[in-house]
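Colleague: okay, predicted coordinates and the sequence, questions at the end:
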Amino acid sequence: MNPQEIAARLVEIHTVMVDRFDAQPWSEPTLDVHQSGKVSVTIYGPDLAAPKSDHQFTATADTFEEALDAALAFARARGHRSFA
């Protein structure tokens, strides 16, 4: 994936999260490249007061596309105002 495609997918994830939670996510998603060659994307929900597992999700995969697909699927699967 090129940088524009990655950015477009991150915008898509953000849009889904805003629609699902009726709130802005509190932090921008992060992308990491690990020493092992794996990549991960972390998305953050809107509730800072919740336990970490209730407002953060990390998908790790072999490619940016796979990690972004997993993060988008997770965001789409969350219920209204529920990140866990």
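Modeller: Okay, I see it. Numbering: from 1, shown residues only.

Colleague: going forward, measure contacts between C-alpha atoms and count neighbours the same way
Modeller: Will do.

Colleague: so how far is residue 15 from residue 23?
Modeller: 10 Å (Cα to Cα, to the nearest Å).

Colleague: next one: the helix or strand containing residue 73 to chain centre, how far?
Modeller: Using DSSP states H and E, residue 73 maps to helix 64-77. Distance of helix 64-77 from the chain centroid (Cα atoms, centre = their mean, to the nearest Å) equals 7 Å.

Colleague: and the strands in the protein?
Modeller: Secondary structure of the chain, counting by DSSP state E: strands at 30-33, 39-44, 56-61.

Colleague: could you give the mean pLDDT of stretch 12-22?
Modeller: Stretch 12-22 comes out with an average pLDDT of 84.

Colleague: only alpha carbons, please: show the longest helix belonging to the chain as CSV.
Modeller: Counting residues, the longest helix found in the chain (DSSP state H) is helix 3-21. Output of helix 3-21 as CSV, limited to C-alpha atoms (Å, rounded to 0.1, in the frame of the first residue of the first chain):
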residue,chain,number,x,y,z
PRO,A,3,0.9,6.3,1.9
GLN,A,4,-2.3,7.7,0.2
GLU,A,5,-4.0,4.3,0.4
ILE,A,6,-3.0,3.9,4.1
ALA,A,7,-4.3,7.4,4.9
ALA,A,8,-7.6,6.7,3.1
ARG,A,9,-8.1,3.5,5.1
LEU,A,10,-7.3,5.4,8.4
VAL,A,11,-9.9,8.0,7.4
GLU,A,12,-12.4,5.2,6.7
ILE,A,13,-11.7,3.6,10.2
HIS,A,14,-12.1,7.0,11.8
THR,A,15,-15.4,7.7,10.0
VAL,A,16,-16.8,4.3,11.1
MET,A,17,-15.8,5.0,14.7
VAL,A,18,-17.5,8.4,14.7
ASP,A,19,-20.7,6.9,13.2
ARG,A,20,-20.7,4.0,15.7
PHE,A,21,-19.9,5.9,18.9
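
Colleague: tell me what that helix is packed against?
Modeller: helix 64-77 (3 or more Cα pairs under 8 Å, 6 or more residues apart in numbering; DSSP states H and E).

Colleague: who does the helix it packs on touch, helix- and strand-wise?
Modeller: helix 3-21, strand 39-44, strand 56-61.
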